[in-house]
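Trainee: after the sequence you'll find the predicted model.
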Amino acid sequence: MLNVKNLTKTFDRQNRHFDAVHEVNFSMKGGDFCVLTGPSGCGKSTFFHLLCGITKADGGEVFFDKKDICKLSDKELAALRAEKISYVLQGDSLLPNFTVLENICLPHQLSCGRTDLEKKAMELLSHFGLEAMANDYPSNLSGGERRRVAIARAFVHDPKLIIADEPTSDLDEENTAMIIDFFQQQAKQGKAILISTHDLSCLRPGMIRYQMEKGCMKKA
Ligand SMILES: Nc1ncnc2c1ncn2[C@@H]1O[C@H](COP(=O)(O)OP(=O)(O)OP(=O)(O)O)[C@@H](O)[C@H]1O
Ligand SMILES: [Mg+2]
């Protein structure tokens, strides 16, 4: 499903070039649950941005279903993200003026006209213990609750690949275990799941582990 070859992203800081992501090779298929660990600043988020086409690579290729996403137009990339690749951002990403339910459903309604997602959204909210908050606004939720809403939004339209950047960083132990269980279950049903984490309690048998260090990635 996903095939990455020699992927490189270079940034400039104080007149110095450095590779935030350096010649990374990586692949995953449906059913894989991959976990990326590595110190702060090693390039995890930059790598994820490249996989979704949010950031353009300076070298290398990203093939999703055999298409090189580096060669897609912005419109084609937006369509790919709307339908097949979901990305849970590291920080807060909910729209403050929309309710929880609207936050989950509206993006998909606007990007691909789907108006059939409310039932699935409520099922996910219920699974995540948030059904009573469907009509609340994000500012009335805790950080961990907002994070679970963002995860619900990423799964509601049934994408093939879900990339989640530190998805459990705001969560307590119980909710961390619940979210990791949910990801595992989704991978068993054929989805490809890729997460980053600093929390080693997330690690479970069967996960495929990668380690990043100064932009270079290897299997752990
Ligand atoms: N737009 C940018 N311009 C210049 N440097 C950047 C930019 N974005 C990120 N960087 C740098 O690239 C490196 C990798 O950043 P990145 O956000 O990918 O790290 P990370 O592994 O996700 O860290 P964390 O665990 O703290 O989230 C860091 O040194 C960061 O300062
Ligand atoms: Mg990061």
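Mentor: Cool, got the structure. Ligands and ions are numbered 1, 2, ... in the order given.

Trainee: most proximal residue of this structure with respect to ligand 2?
Mentor: Per CB to the ion, the residue of the chain with the smallest distance to ligand 2 is residue 45, at 3.1 Å. Yep, even glycine has a C-beta here, placed from its N, CA and C like the rest.

Trainee: hmm, that residue is touching residue 88, no?
Mentor: No. Using CB atoms under 8 Å, residue 45 and residue 88 do not qualify as a contacting pair, with a distance of 11.4 Å.

Trainee: who touches both of the two?
Mentor: residue 165 (CB atoms under 8 Å, 6 or more residues apart in numbering).

Trainee: so for the longest helix along the chain, mean pLDDT?
Mentor: If you go by DSSP state H, the chain has its longest helix at helix 173-188. Averaged across helix 173-188, pLDDT comes to 97.

Trainee: same question for it: list its buried residues.
Mentor: Of all the residues in helix 173-188, those buried under the rule 16 or more other CB atoms under 10 Å are 175-176, 178-180, 182-183, 186-187.

Trainee: could you export these as a markdown table, including distance to residue 129?
Mentor: Putting those into a markdown table (distance: CB to CB, whole Å) gives the following:
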| residue | distance to residue 129 |
| --- | --- |
| 175 | 8 |
| 176 | 13 |
| 178 | 8 |
| 179 | 11 |
| 180 | 15 |
| 182 | 11 |
| 183 | 16 |
| 186 | 17 |
| 187 | 21 |
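
Trainee: let's have the residues you listed in JSON lines, adding distance to ligand 1.
Mentor: Formatted as JSON lines, those follow (distance: CB to the nearest ligand atom, whole Å):
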{"residue": "175", "distance to ligand 1": "20"}
{"residue": "176", "distance to ligand 1": "17"}
{"residue": "178", "distance to ligand 1": "23"}
{"residue": "179", "distance to ligand 1": "18"}
{"residue": "180", "distance to ligand 1": "18"}
{"residue": "182", "distance to ligand 1": "22"}
{"residue": "183", "distance to ligand 1": "19"}
{"residue": "186", "distance to ligand 1": "23"}
{"residue": "187", "distance to ligand 1": "22"}
